[in-house]
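With the input below, show me the fold.
(one chain, ligands or ions: 1)
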Amino acid sequence: GRTRHYKFNVVMKNATRLCSTKPIVTVNGRFPGPTLYAREGDNVLVKVVNHVKYNVTIHWHGVRQLRTGWADGPAYITQCPIQPGNNYVYNFTITGQRGTLFWHAHILWLRVTVHGAIVILPKLHVPYPFPTPHKEEVIILGEWWKSDTEAVINEALKSGLAPNVSDAHVINGHPGPMSTCPASKGFQLKVDSGKTYMLRIINAALNEELFFKVAGHQLTVVEVDATYTKPFKTDTILITPGQTTNVLLTADRGAGRYLVTASPFMDSPIAVDNQTAMATVHYTNTVSTTVLTTTKPPPQNATPVASNFIDSLRSLNSKKYPARVPLTVDHSLLFTVGLGVNPCPTCVNGSRVVADVNNVTFSMPTTAILQAHYFNISGVFTADFPGKPPIAFNYSGSGPSNLGTMTGTRVYRLPFNSTVQLVLQDTGIIAPENHPIHLHGFNFFAVGRGLGNYNPKTSPSKFNLVDPVERNTIGVPSGGWTAIRFRADNPGVWFMHCHLEVHTTWGLKMAFVVDNGKGPNESLLPPPKDLPPC
Ligand code: C2O
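The predicted model follows:
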């Protein structure tokens, strides 16, 4: 591979959406930010220069970072933040991955506007395992907030209540043609009749899982989270924050304009936002006055549509791209994920909403855990994260299992190369909710899912150990569970958290520490010289 250099200047920029203007944090003045292109095997160096008043870090979401945990990016997990006026070079090599991923700020709520696509092409002369598309297009789904998002979350943390929601969803930065502000034209995808296009769809929204549809057209799913899938056709895709999906779209309809929608999946008490984002697919041989063919987005809480989509996902599992599912398990873990309530004397109700994993509400340290681990600094974290729920849980919400959670900077330790089965069980003490859980440093195989309580006796018999989908972010169904498997072959400290930003803020996060192996290429590399100090 070759070496690619990028420069990311983090700067403020005024932006106007929904007929109002505000300053936003951006990379190079753009929203969404610039696309990072690389090929499998390339070494990527991104110099991030912080020109804003906030501390900043950037995460390369889904990039495995084999032995280069120092470049992963989550603040206080793998690095101390880049302070105002300072810079840091993220240096990593893309190993064994190709497809669409994305980068985003990994501190505070800055990722709302600080994000962009990562396009990893296959090695030179290696074709896609599907017909080469005529053109490719990045489609980034996001949110637009009229108010300052830092102010919104700080206010919520003070009151102990849930924060506000965004004012609109956006497609490539724009709410689209039917937004409440008439000035918004929205993103237009120009297509030639008869040609096939690959859409690299990214959900960069803070707090919303989304359905994506193109009126009158079928989408063929070929890749998720930078892993190839068995192609299948669908008219709707479900995509959670943190997930990426490549689809093929053939312009096989009559000339015209076709509506594209990104609409919320869940109508949860925490994140109600009815503003569907819109864009258009525009056949080039038509004039803009052509009538718009519209489509109805699935209704909110359309669980059958979601399940149908999730159940259709399979690894490609070809000779060239085999699914290496661990068939034996060294660590069998069961983690509950959910929301709870902790006392808060200074909050309006005397209590505040928290979130937890196995009843632990994670507290952020003030020194990066990776540094503490590498340099043996004590007092930063404890290795006592429970491998199973410390108290009985019930998804139906009848028990008090996560009222009054424990706190702590607790990690779970994994020996190098051990195999892990992790069952993520939703608990519904306040309200059952979908949780898109993201694991840093690894891809995992989604071997099973179900509703209700996971049953260790009967549930595993239905696991798919042949061609389960491989990814880095997985939705734990509301009132249900999901089981994943992975091999701990990447030494370092790896964050795992809900990719709904509000849940992460509330504490739905933990970290794995993976020890060094004994071989010459099985240890974490030493930290770079410019690693930011705390
Ligand atoms: Cu995309 Cu830890 O996040």
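
quick one: low-confidence ranges for the chain?
Low-confidence segments of the chain (pLDDT under 70): 179-180, 182-184, 267-274, 288-289, 393-402, 428-433.

residues in contact with the residue in it that the ligand sits nearest to?
For the chain and the ligand, the shortest gap (Cβ to the nearest ligand atom) falls at His61, measuring 3.7 Å. For every residue, glycine as well, the C-beta is placed using N, CA and C. Contact analysis of His61 by Cβ atoms under 8 Å, 6 or more residues apart in numbering lists 101-104, 118, 242, 438, 472.

Which of those fall in strands?
101-104, 118, 438 (DSSP state E).

got the residues of this structure near the ligand?
With Cβ under 6 Å from any ligand atom as the criterion, the chain comes near the ligand at residues 59, 61, 74, 104, 106, 242, 438, 440, 495, 497, 499.

now the ones in strands among the contacts of His61 as CSV including distance to Thr382?
Conversion of the ones in strands among the contacts of His61 to CSV gives the following (distance: Cβ to Cβ, whole Å):
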residue, distance to Thr382
Leu101, 32
Phe102, 32
Trp103, 31
His104, 29
Ile118, 34
His438, 23
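
Looking at these, which two lie furthest apart in space?
When Cβ to Cβ is used, the two most widely separated members of these are Ile118 and His438, lying 14.8 Å apart.

quick one, helices of the stretch 251-400 of the chain?
Assigned by DSSP state H, counting those that start in this stretch, the helices in the stretch 251-400 of the chain fall at 303-312, 369-374.

and this protein, what are its domains?
1-125, 130-315, 331-514 (automatic domain parsing).

tell me how far the ends of the longest one are from each other?
Put plainly, it is domain 130-315. Domain 130-315 has an end-to-end distance of 14 Å (Cα to Cα, to the nearest Å).

right, and His174 touches Arg17 too?
Yes - with contact defined as Cβ atoms under 8 Å, His174 and Arg17 form a contacting pair (7.2 Å).

you'd agree Leu121 is up against Tyr37?
Yes - the criterion here is Cβ under 8 Å, and Leu121 meets it with Tyr37 at 7.2 Å.

residues contacting Lys146?
Neighbour list for Lys146: 18, 20, 22, 167 [criterion: Cβ under 8 Å, 6+ apart].

So which of those wins on neighbours?
Neighbour counts for the contacts of Lys146, by other Cβ atoms under 10 Å, peak at Asp167, which reaches 20 neighbours.

Ala71: neighbour count?
Here the count is done by other Cβ under 10 Å, and Ala71 has 25 residues near it.

Report the contact partners of Ser307.
Shown in contact with Ser307 (Cβ under 8 Å, 6+ apart): Pro477.

Dump the contacts of His61 to a markdown table, plus neighbour count.
Shown next, in a markdown table, are the contacts of His61 (neighbours: other Cβ atoms under 10 Å):
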| residue | neighbour count |
| --- | --- |
| Leu101 | 24 |
| Phe102 | 28 |
| Trp103 | 29 |
| His104 | 26 |
| Ile118 | 25 |
| Gly242 | 28 |
| His438 | 24 |
| Asn472 | 26 |
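
Next, give me the two most distant ones among those.
The most widely separated members of these are Ile118 and His438, with 14.8 Å between them, by Cβ to Cβ.

Report the distance from stretch 120-136 to the chain centre.
Stretch 120-136 sits 24 Å away from the centroid of its parent chain (Cα atoms, centre = their mean, to the nearest Å).

Begin at 366 from now on, thanks
Yes, from this point I'll number from 366; that puts the last item at stretch 485-501.

who touches it?
For stretch 485-501, contacts defined as Cβ under 8 Å, 6+ apart pick out 366, 402-406, 459, 462-466, 484, 557, 560-565, 585, 587, 591, 593, 596, 613, 681, 683, 685-686.

Show the buried residues in those.
For the contacts of stretch 485-501, a burial check counting by 16 or more other Cβ atoms under 10 Å picks out 403-406, 459, 462-466, 484, 561-565, 585, 587, 591, 593, 596, 613, 681.
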